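Student: predicted structure and sequence below. I'll ask about it afterward.
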Amino acid sequence: MSYRPLFYTIICLSVLLSCKKDKNVIEENTAFFGGEIINPSSNYIILYKSSDIIDTVYLDSKNRFKYNFKNFESGLYNFYDGKESQAFLIQPQDSIMIRVNTMEFDESLVFSGIGEKENNYLMELFLETEKQEQEVLEISQLEPKAFDKKLCDIRKTKLERLKAFSLKHNTSDLFNLFANANIDYNYYYSKEAYPFINYSKNESEIFSNLPANFFDFRKDIDYNNNTLRDYRPYVSFLRFHFNNIALQEHFKHSEDDTYNNQSLDYNLDKLSLIEEKITDSFIKNRLLYYNMIKFINASKHVDDFDALLASFQEKSTNKDQKAKANRLVNSYKRLKPGQLIPDLMVVDKNEDTHHLKDIMNKPTLIYFWDAGDRYHLKVCHERAKDLQKKYPEFDFIAISVNAISSQEQGEVLKRHRLGYTNEYHFENVTMAIENLSLKPINKVFIVDKDAKIVNPKANMFDITIENEMLALINK
């Protein structure tokens, strides 16, 4: 009797089972994400995780889209419609559909399909926290113990509801991690914020009068949770937390008793504490960079920049962020009050090119807009119009930061029912953004009649801008 046919049969079965197993492994590591965008801001959405773009997905004629995740890492991803973004949790074998109206983005967002319950729950937590902001602000005016009692009650209710939901739906460990983090880190955030938003005393007095156990939750902080590194409640908490502990440290060795975010010593303390407490390189580098840029964008004391830059460069290991910070500091040195506005070329509605400094012959307010930010485009022009009525001694110049033609710029302005007076765009957008440090976009320049910078960081919506304008008129 020959055993060869039996042998071949076993081999074939083994191969078939192996192929079937491999196919199942691949199928298990896939997921679907799709949906419908009502009133879309663009004809596509961008999918990204952390700062990495995953893909650009175009909408069809019915403003619907679909995308298949393959061999992906479970976790929080984001979709961006050209105007707003929101996170969603996706895990293997999920099949998630969304429906969102951009006119009421967060409030209208609904998930359906496999994975819907977890995502709708996380969305409800997000919206609930937003609605409770006013309540938390009000209870923050109470004495510490009364405040803590009410805040603990809010947290307890959320945790009990989450426990019941998790048991009912047998939720995944990953969902439980994010849901608990949402509740805990929003609670921690409110505790950290208390000394800053309680109006009874200054920060130093409030710190000294807090109960000894007020910050006991700090022993539960995970400074290096890489899974949560992009989760908004976690990121927001860490930012506020380091503001707080740096201020407590600063009060120990300074004569200050109030919060001053432009204090160099305070910001140096903050960078040192970040380096001391965080070992995860991504989380540490991002926090270092955030606080470095925040200080540079807020402070008017250009002479302090080198000291903070040196501290940042010593502590960060991210080469790109270090290079960007260095360029930004050098840029702001060139924008020091009293310096001439950088020699950039701007293009008018007739496609004629001008030196920026040559289009100014009296005190001038220069503001900037981006066609992709429709809200800012509208409100900055409205504010400029109001200010021009009050201060006819000033010129108001609007400059687009988009790489577009004069015709395209005119179409954008016409679409938003705006005129084309004193409107320009840059000949070289990239050079202009770097030389004028145009991030954030709401930055405003106040310049005198000789094109010399008076303030490179004015805020059009802050009442103090009118004081600055009056001072220049009366000079």
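Tutor: Yep, that arrived. Since the model is a prediction, treat every value here as computed from it, not as a measurement.
Student: which parts of the helix or strand hosting N455 are buried?
Tutor: Using DSSP states H and E, N455 maps to strand 453-459. Residues of strand 453-459 classed as buried by neighbour count (16 or more other Cβ atoms under 10 Å): I453, V454, N455, P456, K457, A458. (Each C-beta comes from the backbone N, C-alpha and C, glycine too.)
Student: excluding chain neighbours, what is closest to L344?
Tutor: The shortest distance from L344 to any non-neighbouring residue, by Cβ to Cβ, 6 or more residues apart in numbering, is to L356 (4.7 Å).
Student: next: I278.
Tutor: Excluding its sequence neighbours, the residue lying closest to I278 (Cβ to Cβ, 6+ apart) is K284, at 4.1 Å.
Student: pLDDT at the one you found, what is it?
Tutor: Looking at K284, its pLDDT is 97.
Student: who touches it in this structure?
Tutor: I274, E275, I278, K315, S316 (Cβ atoms under 8 Å, 6 or more residues apart in numbering).
Student: ok, the third one - contacts?
Tutor: In this case it means I278. Going by Cβ under 8 Å, 6+ apart, I278 touches Y223, N224, K284, L287.
Student: next structured bit after the top strand by length along the chain?
Tutor: Taking DSSP state E as the criterion, the chain has its longest strand at strand 30-38. Next in sequence after strand 30-38, counting helices and strands by DSSP H and E, comes strand 44-49.
Student: before we move on, the earlier item: which element, helix or strand, includes the residue nearest to I278?
Tutor: Secondary structure (DSSP H and E) places K284 in helix 281-298.
Student: any stretches of the protein with poor pLDDT?
Tutor: 1-28 (pLDDT under 70).
Student: wait, E423 touches A398, no?
Tutor: Yes. Checked against Cβ atoms under 8 Å, the pair E423 and A398 is within contact range at 5.1 Å.
Student: burial count for the nearest residue to E84 once chain neighbours are set aside?
Tutor: Of all residues not flanking E84 in the chain, F105 sits nearest, at 4.6 Å (Cβ to Cβ, 6+ apart). Around F105 there are 17 other residues, counting by other Cβ atoms under 10 Å.
Student: quick check: which element contains A325?
Tutor: Assigned by DSSP H and E, A325 falls in helix 319-334.
Student: need the contact partners of that helix.
Tutor: 285, 288-289, 292-293, 296, 302, 305-306, 309, 312-313, 316, 342, 434-437, 456.
Student: quick check on the residues you listed: which are buried?
Tutor: Applying 16+ other Cβ under 10 Å to the contacts of helix 319-334 flags 285, 288-289, 292-293, 296, 302, 305, 309, 312, 316, 342, 434-437, 456 as buried.
Student: domains of the chain?
Tutor: Here the domain parsing of the chain from automatic domain parsing is 4-125, 126-334, 345-473.
Student: how near is K158 to N182?
Tutor: 8 Å (Cβ to Cβ, to the nearest Å).
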